[in-house]
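Enquirer: Structure, please.
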Amino acid sequence: MLIRKVCLLLYYSLCVGFVVTVAFSVTYGAFRPTAGQGGEAPASVRPDDGDGQQCFADLGLMLDSLHTEASSSFTEFLNTKSLERWSAFSERWRDDLANLSARCHLKTSAAMAPMREYAKDIERVHRAYDTSLQSYSERLKRSATRLQKNRAVLSGQPE
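Expert: Got it, this is the predicted structure:
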């Protein structure tokens, strides 16, 4: 008797689930394509229009600023504030990239897929710089400490 009640309960819950699914699909269109699945996002940007070209130019400027700041950080790393300056720049840069991605619909527009890949490559360059600078900073600190100790010993000054 208990098995029969459990089976009936399971049967009724499957029926109710089916009815709810059909009702949802009819009223809200659960099976219509959404942005990124064949449909286009509203107010989309295309790579070949003026807004798309502006997005491409802005990505180029972001890449240039990334190269400039990273080169500056590598060459001025004996300055103790260089790592903090890089970290602040890096955080602002990531925020700017997220804002650009939203403004240009890089994640939602199928037409912007090539530019989305370009932005991902720029982000990979940023991660490589960030990892390199962090590692460089750690190694430089150890070497600078040893250099100061050796200089003090060689010059005959106490530490």
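Enquirer: in the protein, which spans are helices?
Expert: Counting by DSSP state H, one finds helices in the chain at the ranges 2-28, 50-75, 82-103, 113-155.
Enquirer: Now these in JSON lines, please, with extra columns for mean neighbour count.
Expert: (Each C-beta comes from the backbone N, C-alpha and C, glycine too.) Formatted as JSON lines, these follow (neighbours: other C-beta atoms under 10 Å):
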{"stretch": "helix 2-28", "mean neighbour count": "10"}
{"stretch": "helix 50-75", "mean neighbour count": "15"}
{"stretch": "helix 82-103", "mean neighbour count": "15"}
{"stretch": "helix 113-155", "mean neighbour count": "13"}
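Enquirer: Out of the ones you listed, which gets the lowest mean score?
Expert: When the helices of the chain are ranked by mean pLDDT, helix 2-28 comes last with a mean of 72.
Enquirer: Compute the number of surrounding residues for residue 112.
Expert: Neighbour count for residue 112, taken as other C-beta atoms under 10 Å: 24.
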